[in-house]
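[1] Sequence and computational prediction follow.
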Amino acid sequence: MVKYSTISIPKELHEEIKRTVIDDPRYGYKSVAEFSLEAIKLRLDEIKNALEEEKGKKREKIQKIVENIKKKLR
């Protein structure tokens, strides 16, 4: 069973989401919570991808440094 936690958002933002997304059936969201959950997951994925990209760049830098050291030691 999935456990849930409660978060708070400003009432004004809640109303804006409701007016913009929930009240328009084209978007397919049934609640502010449903929209918020998807928005949070998407943003979290963006952040994770950015962190992975940074790690990759750091690895590349380290590999280049190691290669340069190896060349100098030959």
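    Arrived safely, thanks for sending.
[2] Grab the nearest non-local neighbour of Y29.
    F35 (4.4 Å; C-beta to C-beta, 6 or more residues apart in numbering). Where C-beta positions appear, they are placed from N, C-alpha and C, glycine not excepted.
[3] Other residues contacting stretch 28-36?
    The contact list for stretch 28-36, computed with C-beta atoms under 8 Å, 6 or more residues apart in numbering, reads 7, 9, 14, 17-18, 21-22, 27, 38.
[4] Just the buried residues of that stretch, please?
    Across stretch 28-36, burial judged by 16 or more other C-beta atoms under 10 Å covers 29, 32, 35-36.
[5] which one of these is nearest R74?
    Nearest to R74 out of the buried residues of stretch 28-36 is S36 (C-beta to C-beta; 57.4 Å).
[6] so what pLDDT did the closest one get?
    With respect to pLDDT, S36 scores 96.
[7] how close does it sit to A50?
    Distance, S36 to A50, using C-beta to C-beta, to the nearest Å: 21 Å.
[8] for R43, same thing?
    For R43, the distance to A50 (C-beta to C-beta) stands at 11 Å.
[9] Check L44 too.
    Taking C-beta to C-beta, one finds L44 at 11 Å from A50.
[10] ranges for the helices of this structure?
    Taking DSSP state H, the helices of the chain run over residues 11-17, 32-73.
[11] Out of the ones you listed, which gets nearest to V2?
    Of all the helices of the chain, helix 32-73 comes closest under C-beta to C-beta, at 11.1 Å.
[12] quick one, phi/psi of I9?
    When quoted as degrees, to the nearest 10, the phi and psi of I9 stand at phi -130, psi 160.
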